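Novice: Predicted model and sequence follow; I will ask about them next.
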2 protein chains.
Amino acid sequence: MAEPTRVLLDESRIPRNWYNIVADLPAPPPPPLHPGTLQPVGPVDLAPLFPMDLIAQEVSQDRFIAIPESVLDVYRLWRPTPLIRARRLEKSLGTPARIYYKYEGGSPSGSHKPNTAVPQAYYNAQQGVRRLTTETGAGQWGSALAFASAQYGLTCEIWMVRASYDQKPYRRSLMGVYGAKVHASPSPVTSAGNKILAEFPDSPGSLGIAISEAVEVAGQHDDTRYALGSVLNHVLTHQTVIGEEAVEQLAAFGETPDVIVGCTGGGSNFAGLTFPFFREKLAGRMDPVIRAVEPQACPTFTRGTYAYDFGDTAGFTPLLKMHTLGHDFVPDPIHAGGLRYHGMAPLLSHMYELGMFEAVALGQKECFEAGLRFARTEGIVPAPEPTHALAETIAEAVRCRESGEEKVILTALCGHGHFDLSAYDRYLSGEMDDFALPQERIDQALATLPGV
Amino acid sequence: MAEPTRVLLDESRIPRNWYNIVADLPAPPPPPLHPGTLQPVGPVDLAPLFPMDLIAQEVSQDRFIAIPESVLDVYRLWRPTPLIRARRLEKSLGTPARIYYKYEGGSPSGSHKPNTAVPQAYYNAQQGVRRLTTETGAGQWGSALAFASAQYGLTCEIWMVRASYDQKPYRRSLMGVYGAKVHASPSPVTSAGNKILAEFPDSPGSLGIAISEAVEVAGQHDDTRYALGSVLNHVLTHQTVIGEEAVEQLAAFGETPDVIVGCTGGGSNFAGLTFPFFREKLAGRMDPVIRAVEPQACPTFTRGTYAYDFGDTAGFTPLLKMHTLGHDFVPDPIHAGGLRYHGMAPLLSHMYELGMFEAVALGQKECFEAGLRFARTEGIVPAPEPTHALAETIAEAVRCRESGEEKVILTALCGHGHFDLSAYDRYLSGEMDDFALPQERIDQALATLPGV
């Protein structure tokens, strides 16, 4: 065993700070606006939903934010996560490229989501909050927040999109194991839910409806706050523990990255991996190409527009300046539920406008093909979301085979696919769709932009 | 962060040898017998089913067996596995005991099974075998062998008990992701299967039937061999990588174990953890109490008898001297499918007769309660099998709370429970049974022993 396959770090190497990239950008991102006044939202607007420490982080200009000791103490249940060289994948591709993946699927809930769920639960508990509400689609975020809430003795109440609630019972069960209360959304326990149910008793629900329900309940109770799993600045910042560790681990391999690839839904996984590398690049210590991969069924960067839009379907949230397909846009039912979001993190959208990274869109069949190849060579079955990053990683490695370039490619495997095996079944049986997205559908949804 | 929570080892610390405890026992275990001649079975009898290297390991007297470089190369995808101190569990129990668990759930298929699946696939591939057959119940073993077969380019064909095939589609899917062919057993592709189907077209199958089908196909083809996931000596020996790492890791924590607890079905997980500690104990370097935990629904050690019996229900295998409830015994449908085996590894049975360890039997509700407590404190959701070890670990820690003893307790968390969440649902909904096992059922099954 000459060269290493995995670089593991001792728990003393868990980062002590989150990295806030806002401090290093040439221009600040445009602020969220209050939809009524069209003025930037302030702490007072957000206080019913979030604890003050998280609101402060949301607008912070500090380069580093210290991670509380109590959060580090939970992180050490699974962090640092391994950085692994995909030798068997490389061999199967016959590529001279060297492929490294940061694996976040070993966390309690099986994805990168606990990296932010834990501090969110912590800051809420510190402020005396007793209950957290949130929405979840496929359940990655909900199960992470359920786990984090259990760590801090918080009640966790989750509105899960009815279609997923019925089709993905195991993710719902996982939330129950962690002690969370899970409602199928639309639910009869909120006025938002009741309103929908009165009109559409068989509604399959949507993330937009579920957000409305969770926000409604949080806003009505002094001891309750709302938690969001992606999109916002503080969420992206919490995820930078991924990239900070990877910077150290890649150096331990003796490597400098040439290409960094991550999948984007709301953007938290991509930001978590790449922000520390952006810092190194801005400082002139390395010069990787950085590339976001999104699904062709929800091509926010590659076919969306950069404009102020609502974060939810119903239009209850502040207006966010972001790449969006329009808040009315309903993506086709691809299996990568975590990438089916009409918008994109405002911070990443801003950076994309600054020309700091590339973006490509891939069809889901190519992605599942990559997931299968990865499972059969490297062993880990990837969740549908990171198969997008793997497919682009493989495409890059194949280009290297053709050009003879020995590029160093880094990617993030942000979760395992043990809850997504029915999707693999569909791929293997040849029944998977590779949805085409006609331009008219995008144009129609963009026509509903608030025009701010 | 003063004291460590996890001890991770660098991949250079993967053990280079498997430990064969037979070399250190005061007496050799009784040999398997040919059911026709009642003479010890020899290599010629086993050659149609297993490659020669594994047959040699099965009867080896060597203390250490070198792990081939190619097997080490696959092990490094997930080994060494972490040894974790369960600080949050300790805290929730208010115990002065210190609890350590060796976590095997980070392997590609999510359990300890690949530790033997990989070398079995390797030795078969070395001998020119092209196809492996096996049976699987809940699917842990089948998915491990499917993964290992993919690593060595072998075709893998698995007979999965029909009831599990229908009820646990995700484990079946996982085997498919790794490229294996999965048959519902009884199947129409074997004469054993056809015979059953002719009589019982709706047969839910059994492990015994599935073994018969897999063995039948292996015996009929020169390029095909059969693989078994527990019970046999070579399987137990392969699993000792678990304990060898744990010996080193516990020493790195500065600890000596007082109590070691493992669950037993066929015995491979328990043997894998404990054999290296037995060696240390026999050498006088430590003196832990070692305890096997079995389900009350299948109490092989605590209520079975020590006698020659068949390994399968149909009576096709050699006769094994072991603790058995009788090969006709059908355990109640507890969720820990991996512990529903009528017999026990002959090597462990022999050691139990020598008085080398204790055994206790627990009801499944107590085990799921322990699994829930573990998930909510330590984050990882345990598979139903290791919840038995966790329940006994917790009971021991509670006894320490009462006595004030600061015992060091070591256990093995041999797999995660992401494929078993419906079982947790049943527990949480109050619908779980804690099957009573009347003595008459055991007596009836024992009456069918071959009487050798």
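Specialist: That came through fine.
Novice: shaky segments in chain A?
Specialist: Under the criterion pLDDT under 70, the flagged ranges of chain A are A:1-2.
Novice: Counting residues, name the longest helix you see in it.
Specialist: Once chain A is assigned using DSSP state H, the helix that runs over the most residues is helix A:384-403.
Novice: Note down every partner strand of the following helix or strand past that helix and its orientation.
Specialist: The first helix or strand that comes after helix A:384-403 along the chain, using DSSP states H and E, is strand A:408-413. Applying DSSP bridges to the sheet, strand A:408-413 is found paired with strand A:98-103 (parallel), strand A:259-263 (parallel).
Novice: And chain B, is the longest helix of chain A touching that?
Specialist: No - using Cβ under 8 Å from any Cβ of the partner chain, helix A:384-403 stays clear of chain B, coming no nearer than 11.7 Å. In this view, the C-beta of every residue, glycine as well, is placed from N, C-alpha and C.
Novice: Now that helix: buried residues?
Specialist: For helix A:384-403, the neighbour count (16 or more other Cβ atoms under 10 Å in any protein chain shown) marks A:384-397, A:400 as buried.
Novice: so what's residue A:146 up against?
Specialist: Residue A:146 sits next to A:109, A:156, A:158, A:174-175, A:178-180 when contact means Cβ atoms under 8 Å, 6 or more residues apart in numbering or on different chains.
Novice: re the thing from before, would you format the strands paired with strand A:408-413 as TSV with mean neighbour count included?
Specialist: Below are these laid out as TSV (neighbours: other Cβ atoms under 10 Å in any protein chain shown):
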stretch	mean neighbour count
strand A:98-103	24
strand A:259-263	28
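Novice: sorry, back to before: would CSV of the contacts of residue A:146 with distance to residue B:262, secondary structure and neighbour count be doable?
Specialist: Listed next are the contacts of residue A:146 as CSV, based on distance: Cβ to Cβ, whole Å; DSSP: H, G, I helix; E, B strand; the rest coil; neighbours: other Cβ atoms under 10 Å in any protein chain shown:
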residue, distance to residue B:262, secondary structure, neighbour count
A:109, 26, coil, 30
A:156, 33, strand, 25
A:158, 35, strand, 29
A:174, 26, helix, 29
A:175, 30, helix, 25
A:178, 26, coil, 25
A:179, 28, coil, 18
A:180, 31, coil, 25
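Novice: Filtering those residues by proximity to chain B, which remain?
Specialist: Judged by Cβ under 8 Å from any Cβ, the overlap between the contacts of residue A:146 and the neighbourhood of chain B comprises A:109, A:174, A:178-179.
Novice: Can you add distance to residue A:96 and give these back as CSV?
Specialist: Shown next, in CSV, are the ones next to chain B among the contacts of residue A:146 (distance: Cβ to Cβ, whole Å):
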residue, distance to residue A:96
A:109, 37
A:174, 41
A:178, 44
A:179, 50
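Novice: What is the most widely separated pair among these?
Specialist: The most widely separated members of those, counting by Cβ to Cβ, are A:109 and A:179 (13.0 Å).
Novice: Could I get the buried residue list for stretch A:12-27?
Specialist: Buried residues in stretch A:12-27 (16+ other Cβ under 10 Å): A:14-15, A:18-22, A:25.
Novice: So what's the residue count around the residue in the stretch 251-400 of chain A positioned nearest to chain B?
Specialist: Distance from chain B to each residue of the stretch 251-400 of chain A (Cβ to the nearest Cβ) is smallest for residue A:379, at 3.0 Å. Other residues within reach of residue A:379 by the criterion other Cβ atoms under 10 Å in any protein chain shown amount to 21.
Novice: Enumerate the residues of the stretch 151-300 of chain A near chain B.
Specialist: Taking Cβ under 8 Å from any Cβ as the test, the list of the stretch 151-300 of chain A residues beside chain B reads A:151, A:169-170, A:173-174, A:176-179.
Novice: so which two of those are the farthest from each other?
Specialist: Taking every pair in these and measuring Cβ to Cβ, the maximum separation is 24.3 Å, between A:151 and A:169.
Novice: quick one on the thing from earlier: go through the residues of the stretch 151-300 of chain A next to chain B and name the one nearest residue A:371.
Specialist: Relative to residue A:371, and with distances defined as Cβ to Cβ, the nearest of those is residue A:170, at 18.6 Å.
Novice: My understanding was that the closest one contacts residue B:424; is that so?
Specialist: No - between residue A:170 and residue B:424 there is no contact, the gap being 9.5 Å when judged by Cβ atoms under 8 Å.
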